[in-house]
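Engineer: A structural model of the following input is requested.
(chains A, B, C and D)
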There are 2 protein chains.
Amino acid sequence: MSDGRAAQVYSGESLLFLTDEQLRQGIEAMFFAYRGFTADPDRILGEMAYGRAHHRAVHFINRAPGTTVNNLLAILGVTKQSLNRVLRTLISDGLVESRVGTSDKRERHLFLTETGLQLEQQLSDAQRARMRSAFRDAGPEAVAGFKQVLEAMMDTDMRRAYVNLRDGA
Amino acid sequence: MSDGRAAQVYSGESLLFLTDEQLRQGIEAMFFAYRGFTADPDRILGEMAYGRAHHRAVHFINRAPGTTVNNLLAILGVTKQSLNRVLRTLISDGLVESRVGTSDKRERHLFLTETGLQLEQQLSDAQRARMRSAFRDAGPEAVAGFKQVLEAMMDTDMRRAYVNLRDGA
DNA sequence: CTTGGAATGTCAACAAGGCTGACGTATGCT
DNA sequence: AGCATACGTCAGCCTTGTTGACATTCCAAG
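Structural biologist: Alright, predicted model coming up:
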């Protein structure tokens, strides 16, 4: 199973960054950092009747306005029932608008309303503030490495979704 | 609120890595990567009666054998009731042993049994495999940056916990 | 020695947010 | 006409988080 020893043995050069110890550090760093990553928006959401699931929906609708439900489903990686519960509250609270598709009337295209945009701003300002601070502390080279490793850690489908969003598919 | 524009304006040199666009990429990278990060252990846990919470408990007990419940509570950032539910099943299933403290008999010290160690190995092998692959693809400099940014993203308390674990407190 | 507080465990109730399964409706395609 | 697709919804279940209340055990201070 574990080839950490092997990695150490092979490291005539410098594969020391692949030791089990280094990998464990990476795992724990992901765990603790993700907590920080979600902490600020969670605090804001906690004061309202919303949760992390609402944040995710609002984020990606803002990111790709007019996206369809199926599309969002694929990006979020949840079931339609799960997403629907969230969307229903967002729509009835007037944060999200659902428009019937023009070419294909089966599809619903999702948009943020003014209120929805405000919430998105509030949440992403909070989350960006932490990210900005972390980026600034670490510097541009570190940020490049950070993104490189994260991208390599994604499942293939998610990497595709990520790259599409990034490069404007 | 958002000072992304400001960052761009100030970037006589190279603060371009602090633009809102770059920060958004970082945010989405964290989101997608974390999904990959937990996917493999989740699959294994799904086949048993366990979930991600059990994984976390087992991981940190293995990491610091003999740790107390309070200690684990602080690291995991959940309530004792929540943790207790998980620990109870792990103990009654014979994966974790809880020993009354010698110096302070109020404390319970937690250890993995042989079976517990096996599960931990299985889970962390799976998780390390993905981390190793990502590290290898990205290379040592990227890994250094990855850890640097993640560490800067943590809450102060969690950073302390992380560093203590890393440096063997 | 008594008492207060700390550490732990447990019960009950609840909520968010996942899941599956089943079903209905509208629409599009062949 | 009939099948497939997109979406919504109802019902029920699970995990994992939360509060609040309360009991036990034990250390330490008075």
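Engineer: neighbours around the closest residue to DNA strand C within chain A, how many?
Structural biologist: Closest contact between chain A and DNA strand C, by Cβ to the nearest atom of the strand, is at residue A:51 (1.5 Å). For the C-beta atoms, the positions are set from N, CA and C on the backbone; glycine is no exception. Residue A:51 has 14 neighbouring residues, counting by other Cβ atoms under 10 Å in any protein chain shown.
Engineer: show me the residues around it that make contact.
Structural biologist: Contact analysis of residue A:51 by Cβ atoms under 8 Å, 6 or more residues apart in numbering or on different chains lists residue A:45.
Engineer: what does the model give it for pLDDT?
Structural biologist: Turning to residue A:51, the model gives it a pLDDT of 94.
Engineer: Would you map the strands across chain A?
Structural biologist: Listed in chain order, the strands of chain A (DSSP state E) span A:67-68, A:96-100, A:108-112.
Engineer: of all those, which lies closest to DNA strand D?
Structural biologist: Short answer: strand A:67-68, nearest of the strands of chain A by Cβ to the nearest atom of the strand, at 3.5 Å.
Engineer: ok, that closest one near chain B or not?
Structural biologist: No - Strand A:67-68 is not in contact with chain B by Cβ under 8 Å from any Cβ of the partner chain; minimum separation 14.2 Å.
Engineer: So in that sheet, which strands flank that strand, and in what orientation?
Structural biologist: Sheet pairing of strand A:67-68 (DSSP bridges) gives strand A:108-112 (antiparallel).
Engineer: doesn't residue B:142 make contact with residue A:145?
Structural biologist: Yes - counting by Cβ atoms under 8 Å, residue A:145 does reach residue B:142; the two are 3.4 Å apart.
Engineer: who in chain A is up against DNA strand C?
Structural biologist: Proximity of chain A to DNA strand C, by Cβ under 7 Å from any atom of the strand, involves residues A:49-54, A:56, A:77-79, A:81-83, A:85-86, A:101, A:103-106.
Engineer: Counting neighbours, which of those end up buried?
Structural biologist: Neighbour-count burial (16 or more other Cβ atoms under 10 Å in any protein chain shown) applied to the residues of chain A next to DNA strand C gives A:50, A:53-54, A:56, A:77-78, A:83, A:86.
Engineer: Closest one to DNA strand D out of those, please.
Structural biologist: Using Cβ to the nearest atom of the strand, those come closest to DNA strand D at residue A:83, 7.4 Å.
Engineer: quick one: contacts for that closest one?
Structural biologist: A:57, A:69, A:72-73, A:76.
Engineer: Which of these fall within helices?
Structural biologist: Members of these lying in helices (criterion: DSSP state H): A:57, A:69, A:72-73, A:76.
Engineer: Out of these, give me the one that has the most neighbours.
Structural biologist: residue A:57 (25 neighbours).
Engineer: Now that one: closest residue in space, sequence neighbours ignored.
Structural biologist: Counting by Cβ to Cβ, 6 or more residues apart in numbering or on different chains, the nearest residue to residue A:57 once its immediate chain neighbours are dropped is residue A:86, at 5.2 Å.
Engineer: how about the one you found, what does it touch?
Structural biologist: A:53-54, A:57.
Engineer: From residue A:62, how far out is the residue nearest in space to the middle of chain A?
Structural biologist: By Cα atoms, centre = their mean, the mean C-alpha position of chain A lies nearest to residue A:56, the distance being 7.1 Å. Noted for residue A:56: a distance of 11 Å to residue A:62, by Cβ to Cβ, to the nearest Å.
Engineer: do residue A:118 as well
Structural biologist: In terms of Cβ to Cβ, residue A:118 sits 11 Å off from residue A:62.
Engineer: Which of these two has more residues huddled nearby?
Structural biologist: More crowded of residue A:118 and residue A:62, by other Cβ under 10 Å: residue A:62, with 21 against 12.
Engineer: follow-up on the earlier one: just the closest of the contacts of residue A:83 to residue A:22, please.
Structural biologist: residue A:76 (31.5 Å; Cβ to Cβ).
Engineer: The closest one reaches residue A:54, doesn't it?
Structural biologist: No - with contact taken as Cβ under 8 Å, residue A:76 and residue A:54 are classed as non-touching, separated by 11.4 Å.
Engineer: now check stretch A:70-77, is it near chain B?
Structural biologist: Yes - applying Cβ under 8 Å from any Cβ, one finds stretch A:70-77 touching chain B at residue A:77.
Engineer: C-alpha coordinates for that stretch, CSV please?
Structural biologist: Output of stretch A:70-77 as CSV, limited to C-alpha atoms (Å, rounded to 0.1, in the frame of the first residue of the first chain):
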residue,chain,number,x,y,z
ASN,A,70,-28.3,20.4,-14.4
ASN,A,71,-25.2,22.3,-14.9
LEU,A,72,-25.1,23.5,-11.3
LEU,A,73,-25.9,20.0,-10.2
ALA,A,74,-22.8,18.7,-11.9
ILE,A,75,-20.5,21.4,-10.5
LEU,A,76,-21.8,21.1,-7.0
GLY,A,77,-21.8,17.3,-7.0
